[in-house]
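> next come a sequence and a model predicted from it.
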Amino acid sequence: MKNTYVSNRRYVHRLLSKTAVSEEVLIVTSYDYFLQKRDLSLLLRKYKEIILIPHSDDDDYLLNHTVRPLLDKFEKVHLVTNPVYDKRNRVIYELVVRKNKSIRITPVYDFCEKHLKKVYIPDDITEINPNLLTVPVFGRRVRYPKKIIDVSISIILFLFTFPLWILSYFRIKFQSPGPVFYYQERVGMRNKLFNCIKFRSMRLDAEQNGASFSKKNDSRIFPYGSFMRLTRIDELPQIINIFRRDLSLIGPRPERPVFTETFDETIPYYNFRHNIKPGITGYAQVMYSYGAGVFDARHKLMYDLYYIKNWSLYLELKIILMTAVVILGKKGR
């Protein structure tokens, strides 16, 4: 599918699709903060055109002189609203009604969960998502099947990958003398700290200047360490953490305390992810490409909270299958 991305007077960004099956236009008044490339690709299969409206100091001019002409092309409008932009929502609604066109209105919170399978996390820490007034803690109905999956798959995975443990031991020793296993303090369920076990993939002096996120083409990673990260072999020792009940097979990625302290202060609802056990893999890890920093942490949280709110056996098995695809395709971080 070939899409064209153009800018109209530097205000309204339009995404066009020649292969869309609907003549409906999607208008998003909260701009494209929550929309990623994967989301846009998915939406362009359904909508003829997508209009993303950024912040403007003059909404009246923006909407009347830039959005209004675009509405003439469509009979149906799907407006994704955010209360923060209530004025522009009303202006668009009046424009559509005045032209005798049909309109359906969906709050951005509901739109994200229904159409994008993730939970909307506001960019502003003072903004409230009414769908996140409470986030469930896994009860017995969820904990028991997850425990059966965790233990059974972990045993099978350990037996199946044992030759890789032996191979990794000698390759690490050969390329970077020192400890084979790397123990790092991470934040678990209810903010309890635990030591996460991994195969060491970086040099011993990797953090001599303090904690930092790893990145693509990280010079601190030795060659076999890079291969382990691509194939996620470095994660295998976390099976031990599952047996210790620190981790689950599926869940939010366990982060370091130094980072979670910052995220708790800057990202709304971040602490909700600690309602459940973190996981070796998870919904955010297979749905969102690797990234570091507050921006990426906020977007990954959207998927983590969707997983917690909408857990099902089907979703659990789907994540396991998607993880296998990532590993076999060497698409790890």
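The structure has been received and is ready for your questions. Numbering: from 1, shown residues only.

> and the closest residue to residue 277 other than its chain neighbours, how far from residue 117?
Of all residues not flanking residue 277 in the chain, residue 248 sits nearest, at 4.2 Å (C-beta to C-beta, 6 or more residues apart in numbering). All C-beta atoms are positioned from the backbone trio N, CA, C, and that covers glycine. As judged by C-beta to C-beta, to the nearest Å, residue 248 and residue 117 stand 20 Å apart.

> okay, the two: which has more neighbours?
More crowded of residue 248 and residue 117, by other C-beta atoms under 10 Å: residue 248, with 26 against 17.

> who's in contact with the more buried one?
146, 150, 242, 276-280 (C-beta atoms under 8 Å, 6 or more residues apart in numbering).

> make it 6 Å
Shown in contact with residue 248 (C-beta atoms under 6 Å, 6 or more residues apart in numbering): 146, 150, 277, 279.

> hang on, the earlier thing: which phi and psi does the residue nearest to residue 277 have?
Per-residue torsions, residue 248: phi -110, psi 170 (degrees, to the nearest 10).

> most surrounded residue in the contacts of residue 248?
Result: residue 279 is most packed of the contacts of residue 248 (other C-beta under 10 Å), 26 neighbours.

> name all residues that make contact with the nearest residue to that one once chain neighbours are set aside.
With C-beta to C-beta, 6+ apart as the criterion, residue 279 has its nearest non-adjacent residue at 2.9 Å, and that residue is residue 251. Residue 251 makes contacts with 276-279, 282, as judged by C-beta under 6 Å, 6+ apart.

> nearest to residue 194 among those residues?
residue 278 (9.1 Å; C-beta to C-beta).

> any idea how far residue 252 is from the closest one?
5 Å.

> those two: which is more packed in?
Counting neighbours by other C-beta under 10 Å for residue 278 and for residue 252 shows that residue 252 has the greater number, 28 against 25.

> isn't that one up against residue 272?
No - in terms of C-beta atoms under 6 Å, residue 252 does not count as a neighbour of residue 272; the distance is 9.5 Å.

> show me whatever sits in contact with both of these two.
Common neighbours of residue 252 and residue 272 are not found (criterion: C-beta under 6 Å, 6+ apart).

> the residue positioned nearest the centre of the chain is in what secondary structure piece?
Residue closest to the mean C-alpha point of the chain, counted by C-alpha atoms, centre = their mean, is residue 300 at 2.8 Å. Residue 300 belongs to helix 294-309 when assigned by DSSP states H and E.

> same deal with residue 167?
Assigned by DSSP H and E, residue 167 falls in helix 140-175.

> give the other helices and strands that that helix contacts.
Helix 140-175 sits against helix 238-243, strand 248-250, with contacts defined as 3 or more C-beta pairs under 6 Å, 6 or more residues apart in numbering; DSSP states H and E.

> closest one to residue 52 among these?
strand 248-250 (32.4 Å).

> what comes up buried for the helix or strand hosting residue 97?
Counting by DSSP H and E, the element that carries residue 97 is helix 86-98. Within helix 86-98, the residues that qualify as buried are 88-89, 91-92, 95-96, counting by 16 or more other C-beta atoms under 10 Å.

> which of those sits closest to residue 162?
Nearest to residue 162 among the buried residues of helix 86-98: residue 89, at 58.1 Å, using C-beta to C-beta.
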